[in-house]
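In: sequence? don't have it. structure:
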């Protein structure tokens, strides 16, 4: 094993631990910004960690008729989301795990997690559980192809479906606005809102029965299982924002080979750039949520259909203009 | 491998003879049904496995020929085993192994005489499918094709006492024959007017048709095989015949028989019409691509609104056939424009998906058989919570559900991944209209794949999860040992095909080399990384993927239990604290499909009755029908009825009238001579 490979594995491990530790902080930051925008003082940045700690210490309560599928799903969910967040290049491009799973597989990981949480929601057999599962699948059957089309646009520009190659190619171009990427970016924002159960599709802060989607699915979870599900949600938000950063503002991510020579200077710079971008993205997300209103559930397909069409348009534009 | 004097074709022929013998033996053993169950079907399964092994052996060998001393004058029966046939033999043998084992358990409560007949039809059906794949002349092909259609018709109408099943069987037989006529006409065009000796495939390959006649032959073949495969608008028999047939038969029909139609399209397009295809017939590909896309979206949309579990799977088969046709269409387009590496990629994706679909669709269909035996129900709206009563079936079918939804690391994902890679590599075709079609097609494929996940969550969630919704007749029991082995084999194949794609792709190269003259190859060394073009460009490693997810899960579980605790209490469901919940408040199958029905409303013909708000025993009734049935089939039916009523004017049942018709006809004909 060469030094480069050893360093690569080290970075992979480092990034994996970093994302799992930072993800709740990002959620806390978004919530804090939302509170500020609503003129509240807010619970503080560390509230998600306190919630997780509390949940882990409680005894789990599970319905009498819960099957093993229900018990194992939080672990699958957490595993999938952790994997997703760990393979997106956010501080370094040299990630040894990336050849194992490209962008299509990344979409597959999200789909795997979603299918399991939807099945778990149907497992207890309550009215809200199945309602949530149905709505989640409704939202995702339009959001998932839109996300795939966004990735397709990016990978056509960079001639690769591997995330490190895409990021590398996009970061090395000058500040040129690709028209296709502009459409893709717009579509991506809509997908991000929908997939992370944010306003206008869903409201993460409410348990209002008739409108909830994500919360309806996880109603029956408690204690450590709920903690894992919540943590997985944070990881998912983190992963999506990282994808946005990697595709649309990849500047500052440490390049291939840069780590080998002078990682002492490249790494702190990359981490600093990442933190700044995350802070800005979180603030922008909360601002977007403050400006939008929750939609009726049957408006959601139109909204997501728009995202899908935008993404397809982006792809078409790439095919027509080659840019 | 060289076994002295024995060719793969000989072994395949022996397998066919063995199947026929087993079928006849089953008929003779009517009086001892336990022998049919415990000997004939398992032995038939072993024969299937032998056929799969023969196919694997034949993939790497040169094509072997045989001419049987039977058949028409000047046209003896020709057999040939080349890599394309060999691949489909593997598919047939591998999938039918599981289904036959399952059948041994499934049919055990059947009456002796019915069982004997069924055993004959079942093995005849398998043998005729193998013969379709081996046929090397039009006569042999049509005989085998018709035997396949007839034996499956009798299998579909096993419960012929039920009028609906007879109706479904009739519809199937009708469309199968309309298709067969088109295939026969296509053969007629391809032989180019050179007499009966030109009906061999060898002669057809060298027939050098003009562009016009080649296109006519292609369109007839697409129509004929499309009728068997369930291509729009010839799909109507699938959702009727599949629920009517016993579950193992539905599995064989959906998983394997539909693939013989795909085999036919490949054989005709790339082999028999291979010369003409090179001559700029790009619109063949566009037609196949467009038809495939429409079929895929249509199938998955209708699958989402079904309440009957076998109808749902039948519509899902229509979707998958659509995806296969998209692969064929892409391959034609690339082949015509000389991009054979890409043609090989799309063909590989398509062949891989055929194999995957054979295994997971057989798995799901035979699984519905176990459920049907356990509950006596096909309507999902009366099931629920079966995972507690049938854990084996539930776990094994979960594998099938995850595979068919195209989720990593299972097999459905690999073929989807390959197909999407083919789309991603396609820019740069000289025809700008096709260039614009390609991204739209990719988007439709992605949409169909996402909708398939919706359908499968509905399928699995409603049947196995939640609480029982209605009164099922019997206490549900898990599958028996034969059924478990059959299901287990099919599930194992889904996992293996998902985890070792490189090994499969290497074998598929031999088939694509035959069809488009190129193999895909694998850019990465070893078997862990699938990289069709270039490791820098795209790669996927299911084994690492699985290890990573499992590793992370394990670490999480250990950390959570070590640092905190594993205490667990059981209590009643929470459901937002609502106390008066009943199992009737869960979604039914109709309820789960309702968003799709609402979004795609124009495509369905919806009948629904809503109860009034003051009804004390409210009942909801809803039906979503296929518009094509009303817009296309019923008019054709009424026209046919009108024409035949006109024809009946000639019929009076009196012999002297018919004799005078004959006389008039003779006089008229004499006037011409």
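Out: It's in. Every value quoted in this text rests on a predicted model; they were computed, and no experiment measured them.
In: Report pLDDT for the residue lying closest to residue B:246 once chain neighbours are set aside.
Out: Computed as C-beta to C-beta, 6 or more residues apart in numbering or on different chains, the closest residue to residue B:246 that is not its neighbour in sequence is residue B:158, at 5.5 Å. To be clear about C-beta, it is placed using only N, CA and C from the backbone, and glycine gets the same treatment. As predicted, residue B:158 sits at a pLDDT of 89.
In: Distance of residue B:158 relative to residue B:483?
Out: Spatial separation of residue B:158 from residue B:483 under the definition C-beta to C-beta, to the nearest Å is 18 Å.
In: neighbour-wise, which of the two wins?
Out: When residue B:158 is set against residue B:483 and neighbours are counted by other C-beta atoms under 10 Å in any protein chain shown, the residue ahead is residue B:483, at 26 against 22.
In: Would you indicate which residues of the helix or strand harbouring residue B:494 are buried?
Out: With elements taken from DSSP states H and E, the one containing residue B:494 is helix B:481-499. Buried residues in helix B:481-499, counted by 16 or more other C-beta atoms under 10 Å in any protein chain shown: B:482-491, B:493-495, B:497-499.
In: Repeat that for stretch B:531-544.
Out: Residues B:531, B:532, B:533, B:535, B:537, B:538, B:539, B:540, B:541, B:542, B:543, B:544 are the ones in stretch B:531-544 that count as buried (16+ other C-beta under 10 Å).
In: what sits up against that stretch?
Out: The contact list for stretch B:531-544 (C-beta atoms under 8 Å, 6 or more residues apart in numbering or on different chains) reads A:97, A:99-102, A:104-105, A:159-162, A:165, B:341, B:345, B:348, B:408-409, B:413-414, B:417-418, B:421, B:424-425, B:498-501, B:505, B:520-524, B:528-530.
In: need the contact list for residue B:187.
Out: Residues counted as contacts of residue B:187 (C-beta under 8 Å, 6+ apart) are B:138, B:141, B:142, B:199, B:204.
In: Closest one of the buried residues of helix B:481-499 to chain A?
Out: Each of the buried residues of helix B:481-499 was scored against chain A by C-beta to the nearest C-beta, and residue B:498 proved nearest at 11.3 Å.
In: Now do the closest one against residue B:542, distance only.
Out: With C-beta to C-beta as the criterion, residue B:498 and residue B:542 are 6 Å apart.
In: got any residues that touch both of the two?
Out: Counting by C-beta under 8 Å, 6+ apart, the contacts common to residue B:498 and residue B:542 are B:408, B:409, B:413, B:414.
In: how close does residue B:380 get to residue B:462?
Out: According to C-beta to C-beta, residue B:380 and residue B:462 sit 5 Å apart.
In: So for these two, which sits in the more crowded spot?
Out: A side-by-side neighbour count of residue B:380 and residue B:462, using other C-beta under 10 Å, places residue B:462 first with 29 against 26.
In: Wait, residue A:300 touches residue A:136, no?
Out: No: at 11.1 Å, residue A:300 and residue A:136 do not qualify as touching, with contact defined as C-beta atoms under 8 Å.
In: max-length helix in chain B?
Out: In chain B, with assignment by DSSP state H, the single longest helix is helix B:340-375.
In: and that one with chain A, contact?
Out: No: applying C-beta under 8 Å from any C-beta of the partner chain, one finds helix B:340-375 separated from chain A by no less than 12.3 Å.
In: Now do that helix and helix B:481-499, the angle between them.
Out: Angular relation of helix B:340-375 and helix B:481-499 on a 0 to 180 degree scale: 160 degrees, by axes from the mean of the first three to the mean of the last three C-alpha atoms, to 10 degrees.
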